[in-house]
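In: Here is a sequence with its predicted model. Questions after.
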Amino acid sequence: MNTQEHPKSVIVIFGATGDLAKRKLFPSIYRLVQNEKIGKNFAVVGVARRPWTTEEFRSNVSDSIQTSMKESKDLEEFTSHFYYHPFDVTNPSSYLELNGLLNELDGSYQTEGNRIFYLAMAPEFFGTIAQNLKKEGLTATQGWSRLVIEKPFGHDLPSAQKLNQEIREAFNEDQIYRIDHYLGKEMVQNIEVIRFANALFEPLWNNRYISNIQVTSSEILGVEDRGGYYEKSGALRDMVQNHMLQMVALLAMEPPIKLTTDEIRSEKVKVLRALRPVSDTQVGEYFVRGQYAAGKFNDKEFIGYREEGNVDKKSETETYVAGKLMIDNFRWAGVPFYIRTGKRMAAKSTKIVVQFKDIPMNLYYNKGETVPPNLLVINIQPEEGITLQLNAKKDESEGGYSKPVKFDLSNNLYDGINTPEAYEKLLFDCMRGDATNFTHWDEVALSWSFVDPISDAWKNGKATLATYPSGSMGPKEADELLEEDGNQWWPVN
Ligand SMILES: NC(=O)C1=CN([C@@H]2O[C@H](COP(=O)(O)OP(=O)(O)OC[C@H]3O[C@@H](n4cnc5c(N)ncnc54)[C@H](OP(=O)(O)O)[C@@H]3O)[C@@H](O)[C@H]2O)C=CC1
Ligand SMILES: O=C1O[C@H](COP(=O)(O)O)[C@@H](O)[C@H](O)[C@H]1O
């Protein structure tokens, strides 16, 4: 890339001493520099309460890079772009001083007045920070100002509306970048290309040819030290309201008329609007919730969720959700989208399986053979790639007629290229003003509208909480959810 095209900006990270900044944000900025996506015209200002000096902050940034990258070079030059400005974000008088520093850095790094305010803090601070930034004139520069907001965006629809209103008093919708880091994953972005750049798939992408679609996001990790947050969230709010529904929307949306932010968002919104609402009397028919109990995985013993730190011993919080989503529109009528996500499961895997309908007649039936369905598998993580399961002739020596064969298209896809991390891509998109892979307010609101009745029904005791042993693929009730439709979960590894 030509240096002329490098985006220029001062990035202010609120919550710069926290976990997200250290594990994700500093390494992402480092990779942007190493990959020559940004040049010299950038500075990063860390804000938090801890009374660190800029030197201490730089040393923390340096540690973060050394811990997370296989190779780290030019660290001194890189960290020289970082500054620390300690203050309590609830104190309005501190913003003027911050503005002074930003103006100074703007001059030193020639960032043309462009500013990114990245809120890597608990959501209760979002409204206060946004309003103080505006009130104290930090957004009134000659360049652009953008606000990046981490999830969770509210706790339910009313709290999200309130939060949105507070932020919108200070920033326009097109200045707000709501992060859903799944939208930065290479293979999630690939869904659109697989669908809309291949003559092979798009004609089959409907209820005439697809039997069901399964989206799994399983984690081996448990809740561990995040009990305080997770007790108020649970898997439904933590994963389904955002990442899982976003993947479903990308899989189900109509082809946009153009690949622009607005057109793609508007197609995703139509899918979210077409989701069949689940009333409290139907919740058991469409959703299963579970919580991990003690168990063993790879010879290691794990405690149950209720034994984790900051978790109530009688907690009813779900660490697992499986659901059947129906999209009531012309393309998808009758096709279940099954989703499942959970912690302390048997695999770290995010995978989409598109199961095609059976052939109209099985010519091999009389020969005693079943013909398995064709499967298109999109592997999002940890491996990235696509496989296509077809049926092919067996070799004479194997006996019988047909067997499933997998075409692994992964190597052809990337050919060894090291794909960028989700946060790296999203930060770069924000610097370039491309909001396509961020969530619009309408998507957030519709997702909460879908999820709220489910969590209300659970809260009102309308469904039992199943348990599953740590190290398993979830409760048996989730298998029964599919068995009732004559389906089964496809393995994730
Ligand atoms: N960690 C992760 O992997 C992910 C996090 N998120 C979201 O990102 C956000 C941050 O998460 P995470 O980094 O884990 O949280 P942490 O608790 O690790 O960090 C919180 C940060 O906020 C600062 N802080 C707290 N109160 C104040 C205050 N009054 N004034 C100034 N600074 C303050 C803390 O610094 P100090 O104590 O020095 O003031 C710290 O830097 C949350 O919204 C979370 O939900 C989203 C996805 C993944
Ligand atoms: O947003 C979240 O995502 C992570 C899982 O992300 P992944 O990229 O590792 O799949 C999850 O652990 C966390 O609870 C949730 O807040």
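Out: Perfect, thanks for sending it. Fair warning: this is a prediction, and the values are worked out from it, not measured in the lab. Ligands and ions are numbered 1, 2, ... in the order given.

In: and the residue in the chain that ligand 2 sits nearest to, how far is that from Pro360?
Out: Across the chain, the shortest distance to ligand 2 (C-beta to the nearest ligand atom) belongs to Asp238, at 4.8 Å. In short, each C-beta sits where N, CA and C put it, glycine included. For Asp238, the distance to Pro360 (C-beta to C-beta, to the nearest Å) stands at 42 Å.

In: Poorly predicted segments of the stretch 301-450 of the chain, please.
Out: 411-420 (pLDDT under 70).

In: Report the spatially nearest residue to Arg276, omitting neighbours in sequence.
Out: Of all residues beyond its chain neighbours, the one nearest Arg276 is Met326 (4.1 Å), with distances taken as C-beta to C-beta, 6 or more residues apart in numbering.

In: what's near enough to touch the residue of the stretch 251-400 of the chain found nearest ligand 1?
Out: The shortest separation between the stretch 251-400 of the chain and ligand 1 is 12.7 Å, found at Asn310 (distances taken as C-beta to the nearest ligand atom). Counting by C-beta atoms under 8 Å, 6 or more residues apart in numbering, Asn310 makes contact with 225, 227-228, 231.

In: Then Lys324?
Out: Taking C-beta under 8 Å, 6+ apart, one finds 285-287, 336-338, 481-482, 485 in contact with Lys324.

In: ok, back up a step: who has more neighbours, Asp238 and Pro360?
Out: In this comparison of Asp238 against Pro360, neighbours counted by other C-beta atoms under 10 Å, the higher total goes to Asp238 at 23 against 5.

In: and that one, what are its phi and psi?
Out: Backbone torsions for Asp238, taken as degrees, to the nearest 10, come to phi -70, psi -40.

In: Doesn't the residue nearest to Arg276 belong to a helix?
Out: No - residue state for Met326 (DSSP: H, G, I helix; E, B strand; the rest coil) corresponds to strand; a helix is not indicated.

In: Return the nearest residue of the protein with respect to ligand 1.
Out: For the chain, C-beta to the nearest ligand atom, closest residue to ligand 1: Gly18, 2.2 Å.

In: Just the buried ones among the contacts of Asn310, please.
Out: Applying 16 or more other C-beta atoms under 10 Å to the contacts of Asn310, the neighbour count classes 227, 231 as buried.

In: just curious, which of the contacts of Asn310 is nearest to Gln131?
Out: Relative to Gln131, the closest of the contacts of Asn310 is Gly228; by C-beta to C-beta it sits at 26.1 Å.

In: how about that closest one, secondary structure?
Out: helix.

In: Name the nearest residue to it, ignoring sequence neighbours.
Out: Asn310 (4.4 Å).

In: cool, Asp280 as well?
Out: Spatially, and ignoring its direct neighbours in sequence, Asp280 is nearest to Ala457 (3.6 Å; C-beta to C-beta, 6+ apart).

In: The residue nearest to Arg276 contacts Leu275, correct?
Out: Yes - counting by C-beta atoms under 8 Å, Met326 does reach Leu275; the two are 7.5 Å apart.

In: for the protein, what's the longest helix?
Out: The helix spanning the most residues in the chain, taking DSSP state H as the definition, is helix 441-459.

In: Check what contacts the helix or strand following that helix and list those residues.
Out: Using DSSP states H and E, the helix or strand that follows helix 441-459 in sequence is strand 465-469. Contact with strand 465-469 is made by 288-296, 304, 316, 318, 320, 342, 458, 474-478, as judged by C-beta under 8 Å, 6+ apart.

In: tell me the angle of strand 465-469 relative to helix 441-459?
Out: Here strand 465-469 runs at 90 degrees with respect to helix 441-459, directions being taken by axes from the mean of the first three to the mean of the last three C-alpha atoms, to 10 degrees.

In: Neighbouring strands of strand 465-469 in the sheet, and parallel or not?
Out: When pairing is defined by DSSP bridges, strand 465-469 lines up against strand 287-293 (parallel).

In: Any buried residues in the helix or strand just after the strand it pairs with, and which?
Out: Downstream of strand 287-293, the next assigned helix or strand under DSSP H and E is strand 295-297. For strand 295-297, the neighbour count (16+ other C-beta under 10 Å) marks 295, 297 as buried.

In: Cool, thanks, talk later.
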